[in-house]
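Colleague: give me a model of this one.
(one chain, ligands or ions: 1)
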Amino acid sequence: MTTKTLKDLFIHSLSDIYSAEKQMTKSLPKMALASTNLGLRAAFEKHLEETQGQIERIDEVVEATGIKLKRVKCVAMEGLVEECQEQIDEIEKGPVLDTALIAAAQKVEHYEIAAYGSLIALAKQLGETAAVNLLGETLKEEKATDEKLSLLAEEKVAAEALGK
Ligand SMILES: [Fe+2]
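Modeller: Numbers count the residues shown, from 1 in each chain. Okay, here's the model as predicted:
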């Protein structure tokens with residue numbers, strides 16, 4: 001048992017989301033390629049860039065707090081990525097796959113929103129103000145991405161999936 005204190009928990013949780021973000025840098029290009037709707041493809045491409053920035057931000061948190069990340073694999077994200085890949089393999093390219101990709105991406109965003117929210121709460125308890133601010137910027141980006149995906153689902157993609 002190596003996780004005993006809140007600081008240990010913070011280190012573990014940060015290492016976990018680091019792994020999750022790294023996995024997304026591999027998955028997002030595949031999601032962009034599988035999308036037919038151009039707005040959706042652009043949203044995935046933009047979020048790939050953001051994700052790279054989010055990884056750099058985690059490096060900044062590591063520097064600001066003086067902690068050392070652990071080698072962990074985020075198995076939750078591994079499962080979400082795997083389910084997304086199953087949809088890409090099973091559904092023909094087009095509006096229905098686009099709808100499935102939006103749902104898969106929103107599951108990822110909701111996981112990340114929960115993870116960053118908890119990390120921010122932990123950083124506050126530990127008095128790590130720089131980490132609170134850095135992680136807060138990422139949380140904002142994840143929320144904005146989630147909202148953008150909701151809009152896409154409600155507007156264009158849904159209409160295309162219904163053949164309108
Ligand atoms: Fe992210």
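Colleague: OK, contacts around the closest residue to Thr25 other than its chain neighbours?
Modeller: If you skip the residues right next to it in sequence, Thr25 has Thr51 as its closest partner in space, 5.5 Å away by Cβ to Cβ, 6 or more residues apart in numbering. No exception for glycine: its C-beta is placed from N, CA and C like everyone else's. By Cβ atoms under 8 Å, 6 or more residues apart in numbering, the residues touching Thr51 are 21, 24-25, 28.
Colleague: report the mean per-residue pLDDT for the helix or strand hosting Thr51.
Modeller: When elements are assigned from DSSP states H and E, Thr51 belongs to helix 38-65. Here the mean pLDDT over helix 38-65 is 97, rounded to a whole number.
Colleague: next, count neighbours for Leu48.
Modeller: By the measure other Cβ atoms under 10 Å, the count of residues near Leu48 is 17.
Colleague: likewise Ile113?
Modeller: As a burial measure, the neighbour count of Ile113 was computed by other Cβ under 10 Å and equals 17.
Colleague: isn't it up against Leu139?
Modeller: Yes. If you go by Cβ atoms under 8 Å, Ile113 and Leu139 touch, sitting 6.7 Å apart.
Colleague: list the contacts of Cys74.
Modeller: Counting by Cβ under 8 Å, 6+ apart, Cys74 has contacts 16-17, 19-20, 23.
Colleague: pLDDT value on it, please?
Modeller: The per-residue pLDDT reported for Cys74 equals 98.
Colleague: do the same with the one 3 residues further on
Modeller: For Met77, the model assigns a pLDDT of 98.
Colleague: excluding chain neighbours, what is closest to it?
Modeller: Leaving out its chain neighbours, the residue that sits closest to Met77 by Cβ to Cβ, 6+ apart is Ala20, at 3.8 Å.
Colleague: what's the helix or strand for that neighbour?
Modeller: Using DSSP H and E, the element containing Ala20 is helix 6-34.
Colleague: buried set for that helix?
Modeller: When burial is assessed from 16 or more other Cβ atoms under 10 Å, helix 6-34 yields the following buried residues: 9-11, 13-24, 27-28, 31-32, 34.
Colleague: quick check: mean pLDDT across it?
Modeller: Regarding helix 6-34, the rounded mean pLDDT is 98.
Colleague: check stretch 81-94 too.
Modeller: The average pLDDT for stretch 81-94 rounds to 98.
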